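Enquirer: Give me the fold of what follows.
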Amino acid sequence: MSPLVAHESRENTDTPQLAKRILLGEPLTTEQVNDQLLPKRMALPIFASDALSSVAYGPQEMLMIMLIGGTAFLTLSPWVAAAVVVLLIVVVLSYRQIIRAYPSGGGDFEVVQRNLGEIPAVIVAAALLVDYILTVSVSIASGVDNIISAVPQLDPWRVELAVSFVALIVIVNLRGVREASSLFAIPTYIFIGSVVLMIGTALIRMLLGDAPVAASAAYQVQAESLGQAAMVLLILRAFSSGCSALTGVEAVSNGVPAFRAPKIANAKTTLALMGSIAALLFAGLTAVALISGVQYAENPCDLIGFDCSQPQQSLIAQVAAATFGAGSIPFFIIQAATACVLLLAANTAFNGFPLLGSVLAREGYAPKSLNTRGDRLVFSNGMLVLGLAAVVVLVVFQAKLTTLIQLYIIGVFVSFSLGQIGMVRHWKRVLRESAHRPLSEVAGERRSAHIGLTINGVGAVMTVAVLMIVTITKFTHGAWMVFFAIPVLALLMLGIKRYYRDVEHEITINDTAHFGSKGDVAIVLVSRLQKPVVKALDYAIAARHEKTVALHVALTPEDGVQLQREWQQYGIPVPLVIVDSPYRAFAQPVEHFIRSYREKHGPSVVTVYLPQYIVGHWWENLLHNRRARRMASQLMLIHGVTITLVPWLLDSSELIYGRRSRPLPGQQRAGRPFPLYGGAPRQDRRAQRPAGPPDRA
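Expert: Sure thing, here's the model as predicted:
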């Protein structure tokens, strides 16, 4: 198709299309897909915003759980934070191996499918999809939480703000990957720079003997009485909450196809940068929070002296206030940057979910529509599904971060664990296959395999251990819902796969397929003799069928007599057949006629022409009985029948199509109103008016 044809086919001036172009931009051609690939500096804010932003609530959730046991428990926080950082480093190194071995963008799903089989792969896919939905929900809720920390008056509008931000991020992502990266890059880099500046300033003040002090440091804590077993569980729960900082690490391995060449090298570099920055910010914020005495309670009323009718300030807001002053410009800059990056962290999911959805659709585990690129070369259907699911979660849980965080990271650690186990099997297979070749040829390959086996083996042990900890500590706090959702979604995907497999088996050509149709007949359904019917007759005649008949279903004898009279008056050169319908049905008499005709004349191919109105207002659909579509849905079930809907554009259709109904064949060329077959011209308004789009100068 030439660019001119493509452009003209897109040209439309109606209001919905104009609004779509304003919101999403002009459509891109398939050849422009390479222009949408990302360099490292743009890929970092796109794929790493989730992992980088999670340091804004990871330390907060960890210290909040530790505070349940009292302020004495906070002395153990550095060790818990160190364990989280070590785990983060191991997971980053493990995913660098996945990028190298499986760069096609399938990530954990592809790894598990190739090495562990279908069922574990579907479980991983379901876990990742659930985790992406929760990533959007938690990120948006956390961003709104930080906005409310700066402007407490917005607390009653928490849910409305969250839903609005989801809609905004959906629209931005629908505009395309490059535009989203350009928009999101600045807030992400401002967040990194401002938090590093805040951590550095706080540490320098401490070294100078003027350590920052948080306002919450003056509150007393009403600690719970805990036994020895409860203390261990509390520490493990704090560790599992801190592990929320690991979310988003897998997104880079799922998004390798979105990188510029060399894709593998750029993806591995981006992942290393992301892991390094996330570890630095997590450790730094935890340290500064402990230095300044920040106290963030699961139940604000446990803080003696705090007005628990007011929302608590987030950990990062308290640290910023202690370091720079509550009303200072740096405080508001940090709060604004944190809110932005937390909101934009949802963007990681808006890249990972559609890409994973497209992979699942290609494999037959998801609807094919998820593998369709929109006008801006993104998988827009996946983005819309993710946005809608996130809105439902935010509304159900009222955008409360403390509640949502309990559902979080279960899915991601399910995929982490199975992905690492799959990589261990992958490296073992590489070593086994290379053992039969000369050592001089495979020395480098075996060395890389041994390194990969070691890294992924350690990663498998650690992620499985963390999954068990997370399951034990979060199950009764809401994580059971995730464990319910994952198998349900996995069973749904298996059902979709089975359906597509059955359909493929049914439509595949085999030795039993044969062509036995003889004859070709066209049936034009006629209600009254009107222009839409004449247009359908003209189409049927132009198609040169072996036989063409007009069929009228008469509800009363008078209807048939009147139509027969008009048919003769205008000299329609097509035989008219009238069948009675004493029970006022339409499809059944037509079906009976077709079956009788085929019994008499053999297995003919029957083409049924149905005129249909095209309207411009939604309410017009209520005023027309839409009989054509209902009959089409019934008649297409008859063996050997094809349906042709012949559109007739009413005046109102100009609102959506920018034009009225096209003239009948020959009408415009003749420059006169259309004369019916052998009859006089109908001198009405529509016949005399020029139809179709206006001629261009």
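
Enquirer: Wait, a helix at R629?
Expert: Yes. Read with DSSP: H, G, I helix; E, B strand; the rest coil, R629 is one of the residues of a helix.

Enquirer: which ones are touching the residue nearest to it when sequence neighbours are not counted?
Expert: Excluding the flanking residues, the one nearest R629 by CB to CB, 6 or more residues apart in numbering is Q612, at 7.0 Å. In short, each C-beta sits where N, CA and C put it, glycine included. Neighbouring residues of Q612 by CB atoms under 8 Å, 6 or more residues apart in numbering: P532, A628, R629, L645, V646, P647, W648.

Enquirer: so which strand or helix has the fourth one?
Expert: Following DSSP states H and E, the helix or strand that holds L645 is strand 641-649.

Enquirer: what residues does that strand touch?
Expert: With CB under 8 Å, 6+ apart, strand 641-649 has contacts from 531-532, 535-536, 539, 594, 605-614, 628-629, 632, 635-636, 657, 659-662.

Enquirer: if we can go back for a sec, of the contacts of Q612, which is the nearest to L394?
Expert: Using CB to CB, R629 comes nearest to L394 of those, at 37.3 Å.

Enquirer: how close does that closest one sit to L491?
Expert: Distance, R629 to L491, using CB to CB, to the nearest Å: 34 Å.

Enquirer: and if you look at P300?
Expert: Taking CB to CB, one finds P300 at 41 Å from L491.

Enquirer: Please identify which of the two sits among more neighbours.
Expert: Higher neighbour count among P300 and L491: P300, with 15 against 12, using other CB atoms under 10 Å.

Enquirer: got a list of what that one touches?
Expert: P300 touches F306, C308, Q310, Q312, counting by CB under 8 Å, 6+ apart.

Enquirer: what's the closest non-adjacent residue to it?
Expert: C308 (4.1 Å).

Enquirer: Could you do A150 as well?
Expert: Q335 (4.4 Å).

Enquirer: Now name the helix or strand holding the residue nearest to P300.
Expert: Using DSSP H and E, no helix or strand contains C308.

Enquirer: need the contact list for T348.
Expert: Per CB under 8 Å, 6+ apart, neighbours of T348: I46, F47, A48, S49, D50, A51, T135, G248, A251.

Enquirer: didn't G69 look like it was pressed against R237?
Expert: No. Contact criterion CB atoms under 8 Å: G69 and R237 do not qualify, at 10.3 Å.

Enquirer: helix, strand or coil for the residue nearest to R629?
Expert: strand.

Enquirer: what bridges to it?
Expert: P647 (DSSP bridges).

Enquirer: Now I594. Nearest residue, chain neighbours left out?
Expert: V606 (5.5 Å).

Enquirer: Please confirm that that neighbour is located within a helix.
Expert: No. V606: not assigned to a helix; according to three-state DSSP it is strand.

Enquirer: For it, give its distance to D580.
Expert: Taken as CB to CB, the span from V606 to D580 is 20 Å.

Enquirer: Equivalent analysis for A543, please.
Expert: 28 Å.

Enquirer: Next: T75.
Expert: 93 Å.

Enquirer: When the two are compared, which one has more neighbours?
Expert: More crowded of T75 and D580, by other CB under 10 Å: D580, with 13 against 10.

Enquirer: Distance-wise, check that one relative to M198.
Expert: 86 Å.

Enquirer: do R626 as well
Expert: From R626 to M198 the distance is 63 Å (CB to CB).

Enquirer: So for these two, which sits in the more crowded spot?
Expert: M198 (24 against 11).

Enquirer: F306 is in contact with Q220, correct?
Expert: No. Between Q220 and F306 there is no contact under CB under 8 Å: 9.5 Å.

Enquirer: which one of these two has more residues nearby?
Expert: F306 (18 against 12).

Enquirer: the helices in the stretch 51-200 of the chain, which residues?
Expert: Ranges of helices in the stretch 51-200 of the chain, per DSSP state H, counting those that start in this stretch, are 58-67, 77-101, 107-115, 118-150, 158-174, 177-207.

Enquirer: Packing partners of the third one?
Expert: Which is helix 107-115. helix 77-101, helix 118-150, helix 251-254, helix 329-363, helix 410-434 (3 or more CB pairs under 8 Å, 6 or more residues apart in numbering; DSSP states H and E).
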